[in-house]
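In: prediction below, plus the sequence it came from.
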Amino acid sequence: MRECILPPDKSGPNPCLSLGPMITPGLPLLSSQYNVSIDNAASFMVGLLAFWTGFTTFFTASGATVWGKRPFFIISTTLLLGTCIWGFAASTWGSLVAMRVIQGIASAPLETLVTSTVSDLYFVHERGSRLSIWGVMQGAGVLLGQMISGAIIQAWGVQATFGVTAIILSILLPLQYFFVFETAYTGARPRLITLEEKMIEAQNGSNRSSNLSSHRTANPTRLG
């Protein structure tokens with residue numbers, strides 16, 4: 001069961017992490033297509049996504065502790081699929097910028113919650129190999145994503161990269177839905193007893209013992 005959960009989770013960051021650098025080979029084309037400078041194209045297409053991903057991780061990490069990780073994985077992949085379809089069909093610069101903001105927000109869970117999922121599923125001595133695979137998937141998403149997207153951009157254009165990513169995410173989403181179960185404990189947690197409560201409990205126990213002793217003295221048990 002544990003081994004069925006990790007492959008969809010580990011595969012998710014691959015297209016997720018490639019969303020930022022995959023646009024890099026097509027920045028000159030975007031600059032000329034929408035009449036913006038290359039600096040602005042890089043800032044809004046790559047930098048803006050990275051900013052919102054980093055900003056949202058604070059909320060997804062704390063939210064996953066309260067509500068669990070599975071909802072964040074499913075919602076994240078669904079939003080990424082929707083934004084990739086949006087990016088493929090976008091025809092204005094403002095639409096692309098808005099799409100990248102939402103993509104950055106949606107990318108946060110897939111980038112931050114996989115390592116804690118490994119911690120939920122495995123003992124310390126079992127985590128090394130799983131985390132190393134996660135690291136390889138991260139590197140593949142960042143480095144290979146640029147090479148693959150460069151070939152796609154050269155053949156079909158910049159926005160075709162979003163279409164290809166949407167196809168990958170449409171395969172990943174049902175895998176996550178059916179195989180990624182909740183790993184975080186979200187039930188009731190034991191309440192810590194304060195020192196004052198311990199003293200009151202000890203006093204009550206002492207009073208009960210005294211009352212029992214007095215009762216036995218007043219009513220001795222007759223033998224025979």
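Out: Happy to help now that I have it. Numbering: from 1, shown residues only.
In: so how far is Arg70 from Gly163?
Out: Gly163 sits 28 Å away from Arg70, going by Cβ to Cβ, to the nearest Å. (Glycine included, C-beta is placed from N, CA and C.)
In: with neighbour numbers in mind, choose between the two.
Out: Arg70 (21 against 16; other Cβ atoms under 10 Å).
In: and the more buried one, what is it in contact with?
Out: Residues in contact with Arg70, defined by Cβ atoms under 8 Å, 6 or more residues apart in numbering, are Val180, Phe181, Glu182, Thr183.
In: which helix or strand contains the residue sitting nearest the centre point of the chain?
Out: Nearest residue to the geometric centre of the chain (Cα atoms, centre = their mean): Pro109, 2.1 Å. Here Pro109 is covered by helix 93-112, with elements defined by DSSP states H and E.
In: excluding its backbone neighbours, what's nearest Met45?
Out: Ile23 (4.7 Å; Cβ to Cβ, 6 or more residues apart in numbering).
In: SS state for Val36?
Out: Three-state call for Val36 (DSSP: H, G, I helix; E, B strand; the rest coil): coil.
In: and it, how many neighbours does it have?
Out: 18.
In: neighbours of Thr83, how many?
Out: 26.
In: tilt between the strand or helix carrying it and helix 93-112?
Out: Element membership for Thr83 (DSSP H and E) is helix 70-89. With axes from the mean of the first three to the mean of the last three Cα atoms, to 10 degrees as the basis, helix 70-89 and helix 93-112 are set at 150 degrees to each other.
In: any idea which helix or strand in this structure has the lowest mean pLDDT?
Out: helix 2-11 (a mean of 54; mean pLDDT, DSSP states H and E).
In: now the protein, which segments are flagged as low pLDDT?
Out: Within the chain, the segments meeting pLDDT under 70 span 1-17, 184-198, 202, 205-224.
In: pretty sure Ile85 is one of the things Phe162 touches, is it not?
Out: Yes: with contacts counted by Cβ atoms under 8 Å, Phe162 reaches Ile85, the gap being 7.5 Å.
In: pick out whichever of the two has more residues nearby.
Out: Counted by other Cβ under 10 Å, Phe162 and Ile85 do not tie: Phe162 has more neighbours, with 24 against 17.
In: quick one: contacts for that one?
Out: Cys84, Ile85, Trp86, Gly87, Phe88.
In: what about it, is that helix, strand or coil?
Out: Once three-state DSSP is applied, Phe162 turns out helix.
In: now do the residue lying closest to it once chain neighbours are set aside against Ala98, distance only.
Out: What sits nearest to Phe162 in space, not counting adjacent residues and going by Cβ to Cβ, 6+ apart, is Gly87, at 3.6 Å. Look at Gly87 and Ala98: by Cβ to Cβ, they are 10 Å apart.
In: could you check how many residues crowd around Gly150?
Out: For Gly150, using other Cβ under 10 Å, the count is 15.
In: how about the helix or strand containing it: buried residues?
Out: Assigned by DSSP H and E, Gly150 belongs to helix 145-156. Within helix 145-156, the residues scored as buried using 16 or more other Cβ atoms under 10 Å are Gly145, Gln146, Ile148, Ser149, Ile152, Ile153.
In: equivalent analysis for stretch 80-92, please.
Out: For stretch 80-92, by 16+ other Cβ under 10 Å, it's Leu80, Leu81, Gly82, Thr83, Cys84, Ile85, Trp86, Gly87, Phe88, Ala90.
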